[in-house]
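Peer 1: Curious how this folds, go ahead:
(chains A and B)
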Protein chains: 2
Amino acid sequence: MTEVIIAGIGQTQVGEHWDIGLRDLAFAAIQDAIKDSGGLKPGALFVGNMLAPNLSNQAHLGALIADYAGLTGIEAVTVEAAGASGGAALRQGYLAVKSGMVDVALVVGVEKFTDKVGAGVEAALSNTADADFEAVQGMTPAAQAALLMKRYMHEYQVPADGFAGFAVTAHANAVANPNAMFRKAIKAETYAKAEMVSDPLNMFDMAPNADGAAALVLTRRELLPPNQPNPPVKIAGSAAASDTLALHDRKDMLFFDTAQLSAGKAMKQANVILDDIDLFEYYDVFSIYAALQLEAVGFAVKGKGWKLAAEGEIGLKGKIPCATMGGMKARGFAGGAAGVYQAVDAVTQLRGRAEANQIPNAKTALIQSLGGPASTAVCHVLQRAE
Amino acid sequence: MTEVIIAGIGQTQVGEHWDIGLRDLAFAAIQDAIKDSGGLKPGALFVGNMLAPNLSNQAHLGALIADYAGLTGIEAVTVEAAGASGGAALRQGYLAVKSGMVDVALVVGVEKFTDKVGAGVEAALSNTADADFEAVQGMTPAAQAALLMKRYMHEYQVPADGFAGFAVTAHANAVANPNAMFRKAIKAETYAKAEMVSDPLNMFDMAPNADGAAALVLTRRELLPPNQPNPPVKIAGSAAASDTLALHDRKDMLFFDTAQLSAGKAMKQANVILDDIDLFEYYDVFSIYAALQLEAVGFAVKGKGWKLAAEGEIGLKGKIPCATMGGMKARGFAGGAAGVYQAVDAVTQLRGRAEANQIPNAKTALIQSLGGPASTAVCHVLQRAE
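Peer 2: Model prediction:
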């Protein structure tokens, strides 16, 4: 059985990189990841990108980035699945290596939100929703998440500050992460006083859109050069699933079917159960997504996901540590890079290199990217390779 | 060795489909392909799309199309590599099936140019060029191709009507193709009198942008149900390569390195040589691309690609039949669907179902999609599976 290893990781800080371009960001992360892998030579590039054709007037990122990174000639392609683009690029890289047709795959997630300013950003983000039935009504992703959150709070009698725990945990974990955008802890009171965006969703219920890139080098175990600088981490499970884009097409909009389905498949492949998961890098672009994801994957029963956060159980010392390096909320949401950052964070933990944020003896991590309200879910189980 | 089979093909007519949407086009092709495969059930969807975020304000096509096609739940993703998007989606589908992680992959290419009108279309197409160094100067793909063509004609002393053969052949072959946009033969004189677009590139040197969708069902040979309605066609070789987006970064802009590289790899994998190729579905979005592709792949020496067309050698009875069902020139260029149409046409030939356009006893076909001026090339060798 072919074992696919994540041999290298790289990342830029997430933030407002006004002075450098999309290709520069991608190159920085790629350079780090290749160096970190001990100099493996990629044969294929998978770019996770969400909206560069709209944000940066740039499509065709595969060839562009391959060339700029000094890899002219290699196979290169862009993979898009809205906010799950980074996770989807990782999955394509995994399939390519698994197939035996590619020896070393380079996965890079990149997004440059600051190439667009003002309402154009929300318009671009709305392209990930159903253009004919949702976006055309003026519904942005934040408005859509607010509808979900309102319904959830009504159904389960969640108090006004019920979701504070997600932001509090993310911000606490970002303090020690030099690559995070917001390295400042916040209190529940800060959440309670935050500006409202779309009732009941406030500024701390959503992650900030920002620029960033993260990269991974994948290879088959037998191709790892000797004297690897890092403990190898393997992709033990990989799966993806899709659902309707529009919420009105769902039987139960308060349950993320794809999150359940993809996590179930990935864990089955990895032969692990929930008790084996040492950390969960979830998709906290909106706190309501994080709550619904905790429920769909099975860490909480329906309607109780928010309580895990409220009771500190998603913290570094909780039952199921989440967003261990700051998540998307405090590290910043870099679109197509988000899913790759999740993998970078999980690998950092599994290598035992998370320093102040280290989950003791972390062996198995679950990472899951979502596109829209779980219209796409891509899930991976990563494990320290013994 | 896992053998990947194209078990089903489907397509819509290429044209101006003002009355139906992107998802409808994709669904029509998918429905045809699944039926044609004898009812195989896809486990993953790979959407080849070039510019829907710009043309149709719609990203996240994977989940959208999976749901609309009644396949809600399956893994689904968009694959983009400019004009090579369809070919790249086929390659991802191939890798997925080859990996053993996906049993049946559905590949659909789709584009809806009529969702945008006027200058917006050229602006969108320009996003496939280098935004920072080429598109920003106002250079559109047609202008870029015209520069290449001018240089080529100068270097090799090509007469003014030297490229007529490409359009004449494509139009002749489209007459019998019910799915083609222009089913009208033209003469070399028509070419000579055509309106100039960007000197020396005229209306007949470029394919018309239009709406369309094409689909393929891939599976492993052992999973084919008994009593297949069609002779099986296998993917004997698959490869891709990348080059700079900007022409000024090339050592020799009159040689398509990626076309050579990807064809060489795909033919090596298939264990065939040029003499074995019974037909070549090339990427004739611009006649100059077709000429350079014939040279890079090896059917003509440098500077003589145009002569193959001028001397009738790319016709159905020529040395190397090309664009056998009308190519992009006369069938119409449907962006991300173009590469999938190439596969559909090749499979039709290899099944012996091309009727009036049938290449006698066709056993091996080469198909190659390009993104931009061969900034990306994706190549497949398809063969009748004995």
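Peer 1: Domain ranges for chain A, per the record?
Peer 2: A:4-117+A:209-223, A:137-205+A:235-384 (automatic domain parsing).
Peer 1: Would you mind putting the CA coordinates of the host helix or strand of A:Lys35 into CSV?
Peer 2: Using DSSP states H and E, A:Lys35 sits in helix A:22-36. In CSV, the C-alpha atoms belonging to helix A:22-36 read as follows (Å, rounded to 0.1, in the frame of the first residue of the first chain):
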residue,chain,number,x,y,z
LEU,A,22,0.1,36.8,-5.6
ARG,A,23,3.0,35.1,-7.3
ASP,A,24,5.5,36.4,-4.7
LEU,A,25,3.4,35.1,-1.8
ALA,A,26,3.1,31.6,-3.5
PHE,A,27,6.8,31.6,-4.2
ALA,A,28,7.7,32.4,-0.6
ALA,A,29,5.7,29.5,0.8
ILE,A,30,7.0,27.1,-1.9
GLN,A,31,10.6,28.0,-1.2
ASP,A,32,10.1,27.3,2.5
ALA,A,33,8.3,24.0,1.8
ILE,A,34,10.9,22.6,-0.6
LYS,A,35,13.7,23.6,1.8
ASP,A,36,11.8,22.0,4.6
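Peer 1: before we move on, back to that, most packed of the domains of chain A?
Peer 2: Highest mean neighbour count among the domains of chain A (mean count of other C-beta atoms under 10 Å in any protein chain shown): domain A:4-117+A:209-223, with a mean of 25. The way it works is simple: take the backbone N, C-alpha and C, and place the C-beta from them, glycine included.
Peer 1: How far does that one stretch from one end to the other?
Peer 2: Distance across domain A:4-117+A:209-223, first residue to last, is 10 Å (C-alpha to C-alpha, to the nearest Å).
Peer 1: Average pLDDT for it, rounded please.
Peer 2: Averaging pLDDT along domain A:4-117+A:209-223 gives 97.
Peer 1: Quick check, pLDDT for the residue of chain A positioned farthest from its centre.
Peer 2: Distance from the C-alpha centroid of chain A, by C-alpha atoms, centre = their mean, peaks at A:Pro226 (30.6 Å). For A:Pro226, the pLDDT comes out at 85.
Peer 1: One more: A:Ala188?
Peer 2: 95.
Peer 1: And it, how far from chain B?
Peer 2: 34 Å (C-beta to the nearest C-beta, to the nearest Å).
Peer 1: any idea how far that residue lies from A:Glu313?
Peer 2: The gap separating A:Ala188 from A:Glu313 is 15 Å, by C-beta to C-beta, to the nearest Å.
Peer 1: about what we covered before: adding distance to B:Leu71, write the domains of chain A out as JSON lines.
Peer 2: Output for the domains of chain A, formatted as JSON lines (distance: least, C-beta to C-beta, whole Å):
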{"stretch": "domain A:4-117+A:209-223", "distance to B:Leu71": "15"}
{"stretch": "domain A:137-205+A:235-384", "distance to B:Leu71": "8"}
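Peer 1: of all those domains, which lies closest to B:Ile34?
Peer 2: domain A:137-205+A:235-384 (16.6 Å; C-beta to C-beta).
Peer 1: Just give me how far that closest one sits from the chain centre.
Peer 2: 9 Å (C-alpha atoms, centre = their mean, to the nearest Å).
Peer 1: Endpoints of that domain, how far apart?
Peer 2: OK, domain A:137-205+A:235-384 end separation, C-alpha to C-alpha: 47 Å.
Peer 1: among the domains of chain A, which is nearest B:Ala129?
Peer 2: Using C-beta to C-beta, those put domain A:4-117+A:209-223 closest to B:Ala129, at 7.6 Å.
Peer 1: how about the nearest residue to the residue positioned nearest the centre of chain A, chain neighbours excluded?
Peer 2: Central residue of chain A (C-alpha atoms, centre = their mean): A:Gly339, 2.9 Å from the mean position. Leaving aside its chain neighbours, A:Gly339 sits nearest to A:Gly86 (2.7 Å; criterion: C-beta to C-beta, 6 or more residues apart in numbering or on different chains).
Peer 1: can you check A:Thr140 too?
Peer 2: Per C-beta to C-beta, 6+ apart, closest to A:Thr140 is A:Glu122, 4.8 Å.
Peer 1: per-residue pLDDT, the one you found?
Peer 2: According to the prediction, A:Glu122 has pLDDT 92.
Peer 1: Report the contact partners of it.
Peer 2: A:140-142 (C-beta atoms under 8 Å, 6 or more residues apart in numbering or on different chains).
Peer 1: Now secondary structure too, for those, in TSV please.
Peer 2: Supplementary listing: the contacts of A:Glu122 in TSV, determined by DSSP: H, G, I helix; E, B strand; the rest coil:
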residue	secondary structure
A:Thr140	coil
A:Pro141	helix
A:Ala142	helix
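Peer 1: Tell me which helix or strand the residue nearest to A:Thr140 sits in.
Peer 2: helix A:119-126.
Peer 1: ok so, going back, ok, the residue nearest to A:Gly339 touching A:Val340?
Peer 2: Yes - at 4.0 Å, A:Gly86 counts as touching A:Val340 under the criterion of C-beta atoms under 8 Å.
Peer 1: who touches both of those two?
Peer 2: A:48, A:107, A:109, A:214.
Peer 1: right, and the second one touches A:Asn49 too?
Peer 2: No - A:Val107 sits out of contact with A:Asn49 when judged by C-beta under 8 Å, with a separation of 11.5 Å.
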